[in-house]
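Novice: 3D, please:
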Amino acid sequence: MTSDTLSFLFIGISFTMIGLIACRHFRWRRVRGYIPLLLGLFLIYLPTLGPLSHVKERLNAVTQLDSSRVVEIRLQPTRQSSYKELSLVNKDVAIRDRQMIDLICNSLHQASGISKGVQNPTQVGRMEITLTNSSPLVIGFKRGKSSFCLGVFSNGEEGWYYGHLSAPLLSHLIDSLLVPRENYGESDQR
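Specialist: Predicted structure coming up:
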């Protein structure tokens, strides 16, 4: 169990206990006791049965990605309106070269978990990894002055937060892909 999971459980159990005491004290007649009770049960549900129960599997899906299952990797502009001007690419860049896909997957294998993402990003984007016999894996990424991290959420760059991964090798690979970008003209395919 991660510290976030334990925090949710502790807070959820605390609110549930407060709700039960309040309901018992008010003899189940007042709504005030139900609010902390329901909030506590919801906070217990999130990490045990809800969307946050799959945190480890989701992070492992990124760090243990099998390159033989990858059909294509697309670097995409961010969809977050507050970061549009910081987008690393202006349009999709498709990567279908097997050697480059293997390098990217190996760099993802070396990604490590960190607690916080990049606070003041200088560049942002999305990476959509198309897999055989599975739905695509979408990961948001941010680059700061001295760091590069992948944000793992339930829906690419947004949704339920699963964690951030530090991936400095991936940063260098993306740089090597995009440096000669002007030589590729309109169809950005590798």
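Novice: Centre-most residue in the protein?
Specialist: Against the mean C-alpha coordinate of the chain, by C-alpha atoms, centre = their mean, the closest residue is residue 152 at 1.1 Å.
Novice: isn't there a helix covering that one?
Specialist: No. Under DSSP: H, G, I helix; E, B strand; the rest coil, residue 152 sits outside any helix and is assigned strand.
Novice: bridging residues for it?
Specialist: Beta-bridge partners for residue 152, by DSSP bridges, are residue 163.
Novice: Test my guess that it contacts residue 63.
Specialist: No. Assessed by C-beta atoms under 8 Å, residue 152 is found out of contact with residue 63, at 9.5 Å. Glycine gets a C-beta too; all of them are placed from N, C-alpha and C.
Novice: what do the two both touch?
Specialist: Shared contacts of residue 152 and residue 63, defined by C-beta atoms under 8 Å, 6 or more residues apart in numbering, comprise residue 165.
Novice: What is the longest helix of the chain by residue count?
Specialist: helix 3-25 (DSSP state H).
Novice: Show me which residues of whichever helix or strand comes after that one are buried.
Specialist: Where DSSP states H and E defines the elements, the next helix or strand beyond helix 3-25 is helix 34-48. Within helix 34-48, the residues that count as buried by 16 or more other C-beta atoms under 10 Å are 36-37, 39-40, 43-44, 46-47.
Novice: so can I have a markdown table of those showing pLDDT and distance to residue 144?
Specialist: As requested, the buried residues of helix 34-48 are exported to a markdown table (pLDDT from 0 to 100; distance: C-beta to C-beta, whole Å):
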| residue | pLDDT | distance to residue 144 |
| --- | --- | --- |
| 36 | 81 | 39 |
| 37 | 79 | 42 |
| 39 | 85 | 35 |
| 40 | 85 | 37 |
| 43 | 84 | 31 |
| 44 | 85 | 35 |
| 46 | 80 | 29 |
| 47 | 80 | 29 |
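Novice: For residue 9, see how far away residue 52 is.
Specialist: 11 Å (C-beta to C-beta, to the nearest Å).
Novice: Of these two, which one has the most company?
Specialist: residue 52 (19 against 16; other C-beta atoms under 10 Å).
Novice: Please confirm that the more buried one is located within a helix.
Specialist: Yes. Counting by three-state DSSP, residue 52 is found in a helix.
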